[in-house]
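Chemist: This is a predicted model, with the sequence first.
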Amino acid sequence: MATRTIAATAVRHWVDEISALTRPEAVVYCDGSEAEKARIIRECLASGELIELNQQKRPGCYLHRSAPHDVARTEHLTFVCTDTPEEAGPNNNWMPPADAVARLTPLFDGAMQGRTMFVVPFLMGPAGSRFTKVGVEITDSRYVVLSMRAMTRMGQIALDHLGGSDDFTRCLHSLGDLSPDRRFIVHFPQNNAVWSIGSGYGGNALLGKKCMALRLASWFGRQEGWLAEHMLILGLRDPGGRMHYITGAFPSACGKTNLAMLVPPASMKGWEAWTVGDDIAWLRPGADGRLWAVNPEAGFFGVVPGTSRATNPNAFEMIQRNTIYTNVALRPDGTPWWEGHDDPPPPTAEDWRGRPWTPQSGEKAAHPNSRFTTPATECASLSPEFDNPDGVPIDAILFGARRQRRVPLVFEAFNWRHGTFLGATLSSETTAAATGKVGVLRRDPMAMWPFCGYNMADYFAHWLKMGAAVNAPPKIFRVNWFRTNERGRFIWPGFGENLRVLKWILERCEGRGAAVDTSIGMVPTIDAIDREGLDVSGEDMRLLLKVDPAEWVEAVSGQDDFFAMFGDRTPKPLRDEHAMLSKRIEDAITPPDLRDHDLGT
Ligand code: GTP
Ligand code: SPV
Ligand code: MN
């Protein structure tokens, strides 16, 4: 093959080694060309891996139906293999590297017989950037090849970046037999490698994403002095023409894509919002003493349900073309549909598994974790800085989660250390993005619990260190769009209206914006958030911003238990922050003078 001669010797050696093990029928080196894309799509249509959607109405759009038990990340089958279990930490499943090789080698043995093996060179990060890393994914899934093509800068561009070097992440993927009993997603940070078998689902199979750009990258970031984070990156131009950039870490299916593609409400004249990234940010100190971020990805793998013209017009518009839909419903006219679409439920459709569906069938038509895969270039709000090799300078970092109760709409950390503590104690109600129960409160520090490739206590220490490594660290905020009222309804309208909260955040970054000190942080005063043209009453605002110290007592004791998981490894500054918070809460519930008085009687 023509491209074969161009691939670095190290790539060819590895490919030969893996093809000897997996014994594919053919080996194809991907170059990233349009012709290659067209050919692989044709092959997918012939094999049934893709279903063609109505090309008049949805040009370049296809539907993929996964195996019914392969619809989300499987965290219990995901491992980090370091020399010692302490390096992986209680946040990861661990196996000794040699055991992992011994367990997975028989599964890969002959796994690609009768299949084509694709070699997919890719970049994580813009071409020519000091942030950028090279990966090569070997896979026997055409769906994975097409997805990697949308999600990364793929093909010859990556081989050119690699040159003669052997410094690339070896990503080995096979669908195997798709059985969860023989499924493993295994990381070898000390060898810069990932092995994944038995799943074709996004985070399990597109190995550049969570496996490389978060789990392995977090490991390298610690060694090299940077951060790999589960964060969106958003540019905001204020009416005065100034650009600001924020990042936000929210757990899976908690609103990153939506915030990253936010459309300013009509009443907020002069504001513009620009999407830099929707899922992953790599952050490095810049020469100017600020923290700079790039999005290592080149596409969006987003949650479909809930995406509509009303909630996320940028995403909705973007997925009208050149999109692979996974596990949505199919209408008789060959267009996709899902719960939360602007169109009402169709009278008949095929559900995500291809079975006949009607609104009366009482089941979801689309899988709750159905996804779109779309190249970033299709996004109308894509930032002009998207390809900038230097990235963008960050003014504020947001930690957000799904919390129906207790946590206010927004509050500000007192400083970097307190902000790190807020991130470290983040918890969220679980979603359909990972297998398991939905709606259960779990700890998800920095939204990285499933993605941190090493001991999370060491990761907390690394965060503290990174704050000290920059002269002007971003300010840190906690946000919660999901507080509900007594009828179980979201109180805050969310989506585009979230810009009102971001406006207050930017004001705070500039030393303006009204706030009151509370036990948990600095909370906006009732009128500090611009409500002009918004139908949210003062009473609702009070509810959204309410901090009830009594409600926090339980939370604070849970934080203690959480830090205890890491034993002595939990950094002392975070324990100190915890002690200070406990004290502030205690004082708020029973003012010290009152307690003294009680003692005296
Ligand atoms: P991953 O891709 O899994 O990392 O998810 P994400 O963090 O990008 O979440 P996404 O933006 O896709 O949102 C997930 C779900 O939350 C969707 O159904 C959205 O409609 C819903 N959602 C997002 N933002 C808001 C908001 O501000 N308010 C409310 N009520 N729902 C929201
Ligand atoms: C997430 O679950 O956080 C996602 C989707 O962004 S996946 O790529 O599957 O991890
Ligand atoms: Mn994600």
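Modeler: That came through fine. Ligands and ions are numbered 1, 2, ... in the order given.

Chemist: From here on, just use CA atoms for contacts and neighbour counts.
Modeler: Fine.

Chemist: Who's the closest spatial neighbour of residue 246, skipping the chain neighbours?
Modeler: Of all residues not flanking residue 246 in the chain, residue 396 sits nearest, at 4.9 Å (C-alpha to C-alpha, 6 or more residues apart in numbering).

Chemist: List the contacts of that neighbour.
Modeler: By C-alpha atoms under 8 Å, 6 or more residues apart in numbering, the contact list for residue 396 reads 245-247, 474-477, 505-506, 509.

Chemist: any idea how far residue 250 is from the most centrally placed residue in the chain?
Modeler: By C-alpha atoms, centre = their mean, the mean C-alpha position of the chain lies nearest to residue 279, the distance being 3.6 Å. Plainly put, residue 279 is 9 Å away from residue 250 if you go by C-alpha to C-alpha, to the nearest Å.

Chemist: Pull up the overlap in contacts between those two.
Modeler: With C-alpha under 8 Å, 6+ apart as the test, residue 279 and residue 250 both reach 230-231, 256.

Chemist: residue contacts, residue 58?
Modeler: Residue 58 neighbours (C-alpha under 8 Å, 6+ apart): 320-322, 335.

Chemist: Hmm, residue 312 is touching residue 262, no?
Modeler: Yes - counting by C-alpha atoms under 8 Å, residue 262 is a contact partner of residue 312 at 6.8 Å.

Chemist: Which one's more surrounded, those two?
Modeler: Neighbours per residue, other C-alpha atoms under 10 Å: of residue 312 and residue 262, the larger number sits with residue 262, 26 against 21.

Chemist: Let's verify the closest residue to that one other than its chain neighbours: helix, strand, or coil?
Modeler: Counting by C-alpha to C-alpha, 6+ apart, residue 262 lies nearest to residue 496, which is 5.2 Å off, once chain neighbours are set aside. Assigned with DSSP: H, G, I helix; E, B strand; the rest coil, residue 496 falls in the helix class.

Chemist: and residue 496, how many neighbours?
Modeler: Residues contacting residue 496 under the criterion other C-alpha under 10 Å number 20.

Chemist: ditto for residue 44
Modeler: By the criterion of other C-alpha under 10 Å, residue 44 has 20 neighbours.

Chemist: next one: residue 110
Modeler: Around residue 110 there are 16 other residues, counting by other C-alpha under 10 Å.

Chemist: Which helix or which strand is home to residue 316?
Modeler: Residue 316 is part of helix 313-318 when elements are defined by DSSP states H and E.

Chemist: quick one, what contacts residue 450?
Modeler: Per C-alpha under 8 Å, 6+ apart, neighbours of residue 450: 75, 91-92, 444.

Chemist: which of the residues in the helix holding residue 316 are buried?
Modeler: The neighbour-count check on helix 313-318 (16 or more other C-alpha atoms under 10 Å) flags 313-316, 318 as buried.

Chemist: Over to stretch 532-547?
Modeler: 541, 543-545, 547.

Chemist: Where does the residue in the stretch 201-350 of the chain positioned nearest to ligand 2 sit: helix, strand or coil?
Modeler: Relative to ligand 2, the nearest point of the stretch 201-350 of the chain is residue 203 (3.3 Å; C-alpha to the nearest ligand atom). Following three-state DSSP, we place residue 203 in the helix state.

Chemist: Residue 122 now?
Modeler: strand.

Chemist: Spell out which residues of the stretch 251-400 of the chain are next to ligand 1.
Modeler: 251-258, 279, 302-303, 305-307 (C-alpha under 6 Å from any ligand atom).

Chemist: Which strands or helices does the longest helix along the chain pack on?
Modeler: Of all the segments of type helix in the chain, defined by DSSP state H, the longest one is helix 572-589. Contacts defined by 3 or more C-alpha pairs under 8 Å, 6 or more residues apart in numbering; DSSP states H and E place helix 572-589 against helix 416-424, helix 549-564.

Chemist: Name the stretch among these that sits most buried.
Modeler: helix 416-424 (a mean of 23; mean count of other C-alpha atoms under 10 Å).

Chemist: which residues touch residue 53?
Modeler: Contacts of residue 53 by C-alpha under 8 Å, 6+ apart are 59, 61-63, 334-336.

Chemist: and those residues as a markdown table, adding secondary structure?
Modeler: Converted to a markdown table, the contacts of residue 53 look like this (three-state DSSP):
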| residue | secondary structure |
| --- | --- |
| 59 | coil |
| 61 | coil |
| 62 | strand |
| 63 | strand |
| 334 | coil |
| 335 | coil |
| 336 | strand |
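
Chemist: Just list whatever residues bridge to residue 478.
Modeler: residue 399, residue 411 (DSSP bridges).

Chemist: Would you mind naming what in the stretch 51-200 of the chain lies close to ligand 2?
Modeler: Counting by C-alpha under 6 Å from any ligand atom, the stretch 51-200 of the chain sits next to ligand 2 at residue 73.

Chemist: let's go with 8 Å and repeat that
Modeler: Within the stretch 51-200 of the chain, the positions adjacent to ligand 2 are 72-73 by C-alpha under 8 Å from any ligand atom.

Chemist: any chance you could map the strands in the stretch 51-200 of the chain?
Modeler: Here the stretch 51-200 of the chain has its strands, by DSSP state E, counting those that start in this stretch, at 51-52, 62-64, 78-80, 93-94, 116-124, 133-139, 153-154, 169-174, 184-188, 193-197.

Chemist: State the mean pLDDT of the third one.
Modeler: Strand 78-80 shows a mean pLDDT of 98 in the predicted model.

Chemist: who's in contact with it?
Modeler: With contact meaning C-alpha under 8 Å, 6+ apart, strand 78-80 is reached by 88, 92-95, 184-189, 453-454.

Chemist: And the last one, by the same measure?
Modeler: Around strand 193-197, the neighbours that count as contacts under C-alpha under 8 Å, 6+ apart are 107-108, 169-176, 178, 182-188, 204-205, 207, 211-212.

Chemist: Next, format the shared contacts of residue 279 and residue 250 as JSON lines and append distance to ligand 2, neighbour count and secondary structure.
Modeler: Listed next are these as JSON lines, based on distance: C-alpha to the nearest ligand atom, whole Å; neighbours: other C-alpha atoms under 10 Å; DSSP: H, G, I helix; E, B strand; the rest coil:
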{"residue": "230", "distance to ligand 2": "8", "neighbour count": "27", "secondary structure": "coil"}
{"residue": "231", "distance to ligand 2": "10", "neighbour count": "29", "secondary structure": "strand"}
{"residue": "256", "distance to ligand 2": "9", "neighbour count": "26", "secondary structure": "helix"}
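
Chemist: Go through those residues and say which is closest to residue 144.
Modeler: Nearest to residue 144 among those: residue 230, at 21.3 Å, using C-alpha to C-alpha.

Chemist: and the closest one, what does it touch?
Modeler: Here residue 230 is in contact with 214, 249-251, 279-281, 446-448, 451 (C-alpha under 8 Å, 6+ apart).

Chemist: how about 10 Å then?
Modeler: 210, 213-214, 247-252, 256, 278-282, 446-452 (C-alpha atoms under 10 Å, 6 or more residues apart in numbering).

Chemist: Return the subset of those lying in strands.
Modeler: 247-249, 281-282 (DSSP state E).

Chemist: Dump those residues to JSON lines, plus neighbour count.
Modeler: JSON lines is the format used below for these (neighbours: other C-alpha atoms under 10 Å):
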{"residue": "247", "neighbour count": "32"}
{"residue": "248", "neighbour count": "30"}
{"residue": "249", "neighbour count": "30"}
{"residue": "281", "neighbour count": "28"}
{"residue": "282", "neighbour count": "27"}
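
Chemist: got the shared contacts of residue 279 and residue 250 as a markdown table, with pLDDT columns?
Modeler: Below are the shared contacts of residue 279 and residue 250 laid out as a markdown table (pLDDT from 0 to 100):
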| residue | pLDDT |
| --- | --- |
| 230 | 98 |
| 231 | 98 |
| 256 | 98 |
